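**Q** would you be able to build a 3D model of this:
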Amino acid sequence: MSFNNLKLIEPVLRALQQEGYTMPTPIQQQAIPAILDGRDVKACAQTGTGKTAAFAIPLLQLMHQEQIEGPQNNKKNIKALVLTPTRELAIQIEESFKAYGRHLHLRHLVVFGGVSQVSQVNQLRKGIDILVATPGRLLDLMQQGHVSFRDLKFLVLDEADRMLDMGFVHDVKRIISKLPEKRQTLFFSATMPSEITALSKVLLNNPVSVEVTPVSSTVDAIQQHVYFTQKPNKNFLLKHILSDQSIETALVFTRTKHGADKLVKFLNKSDIRAQAIHGNKSQGARQAALKSFKNRNTRVLVATDIAARGIDIDELTHVFNYELPEVPETYVHRIGRTGRAGASGHAISFCDYIEKPLLKDIQKLIKKSIPVNNEHPYALSLELQDMDAKPAKANSLNMSKGGSRRNAIFRPARARR
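**A** The predicted structure is shown next:
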């Protein structure tokens, strides 16, 4: 199937051709016709499946057709709202609307916190058709009276599960309560926990359900390995692996912002060009770090999950789980940033003793055992690898300092000759 089979108008097809798009992805094949038919859509799709285009392309076409068929009640009022959890993702979505709608006369704007609202307010006053926003900044603008949704016809909730993780669901509900009840709603989420399923039932009217690349699946092209090691040795292990200069780009995930900054400092001292991206960084710093990484000026990008959601990097060869995620589905999202478009990719996970229950949960989700690599100088003893850790999160091993068992487990490993 090609995009020509999806009943898209010529200006949109021309833009897609200029973007180098030829064949729609599975989610685009299923979602675009349903949206063009005016149906609500509930889609479960992980990062890298082409979901932004799946809602942006048909929305642009529907809005263009309404624009040419008759005058609007108020040309300055917003017709489509896209809510998304992070600034990076909001920027990428707005860029997609710009690319796919380059031959249409539709105005779009992205708003997010962490920057001055002056330019955003000025653009809103001039009038826009499509607003892409993060919940916090949008609520601020709404409370100040800068936003009108009187003529809104389309609502998109993107990365709904991450909204839940970041505590935005209450803000989202407040925003939605101010929207017209008669609208077309598109609901996209990488996972469908019970809270998200309940929210979708409230928001959607007889929706078409679309599900592609189930969250428990991992791309076959990605070579996965786990390296057992002690927590104090993880930075040395990463440095050891990165001594292989054939690893051109690496995205490294840490659990905390502090951990990301600490690791970047270590890598730079080791002459490995690295930058961090997380919520404590300014918008300018985050965009600069991402641009430097995409341009190959920075070899290693260290990120937290929230900051990295929505990052799309071409030809990313390696993803490192410096710390295993506490939610097993997050593992699939992380490693899905490599091995795209038929390219091969490598996902390497570091696992210390207390993270073994997290590894077990991941392997249960993906329904496969991740091969273990012990050919490195910081390997955990085979005895400890085989020993069961208590199933708890992060700091699950609660032993007194100086205790004999603690010393046995966390004694620094000797480098193998």
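**Q** does residue 89 sit in a helix or strand, and which one?
**A** Residue 89 belongs to helix 87-100 when elements are defined using DSSP states H and E.
**Q** mind listing the strands for the chain?
**A** Shown for the chain, the strands assigned by DSSP state E span residues 41-44, 80-83, 108-111, 130-133, 154-157, 184-189, 208-211, 222-228, 250-253, 274-277, 300-303, 318-321, 345-351.
**Q** any idea which of those gets closest to residue 381?
**A** strand 222-228 (8.7 Å; CB to CB). Heads up, the C-betas are built off the backbone N, CA and C, glycines and all.
**Q** as a markdown table, the strands of the chain with mean neighbour count would be great.
**A** Listed next are those as a markdown table, based on neighbours: other CB atoms under 10 Å:
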| stretch | mean neighbour count |
| --- | --- |
| strand 41-44 | 25 |
| strand 80-83 | 24 |
| strand 108-111 | 23 |
| strand 130-133 | 26 |
| strand 154-157 | 23 |
| strand 184-189 | 24 |
| strand 208-211 | 17 |
| strand 222-228 | 20 |
| strand 250-253 | 25 |
| strand 274-277 | 24 |
| strand 300-303 | 26 |
| strand 318-321 | 25 |
| strand 345-351 | 23 |
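**Q** low-confidence ranges, the stretch 151-300 of the chain, go.
**A** 165, 213-220, 283 (pLDDT under 70).
**Q** quick one: the helices in it?
**A** 160-165, 169-176, 194-203, 234-242, 257-269, 283-294 (DSSP state H, counting those that start in this stretch).
**Q** columns mean neighbour count and distance to residue 59 on top of those, output as CSV?
**A** Output for these, formatted as CSV (neighbours: other CB atoms under 10 Å; distance: least, CB to CB, whole Å):
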stretch, mean neighbour count, distance to residue 59
helix 160-165, 22, 17
helix 169-176, 16, 17
helix 194-203, 15, 16
helix 234-242, 19, 42
helix 257-269, 17, 34
helix 283-294, 17, 25
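**Q** still on that earlier bit, just the angle between the helix holding residue 89 and helix 283-294, please?
**A** With axes from the mean of the first three to the mean of the last three CA atoms, to 10 degrees defining the directions, helix 87-100 sits at 70 degrees from helix 283-294.
**Q** for helix 87-100, buried residues please.
**A** Of the residues in helix 87-100, 87, 88, 89, 90, 91, 92, 93, 94, 96, 97, 100 count as buried by neighbour count, 16 or more other CB atoms under 10 Å.
**Q** so which of the residues you listed sits lowest on pLDDT?
**A** The member of the buried residues of helix 87-100 with the lowest pLDDT is residue 88, at 81.
**Q** these two touch, right, it and residue 285?
**A** No. The pair residue 88 / residue 285 is not scored as a contact, 12.0 Å apart, by CB atoms under 8 Å.
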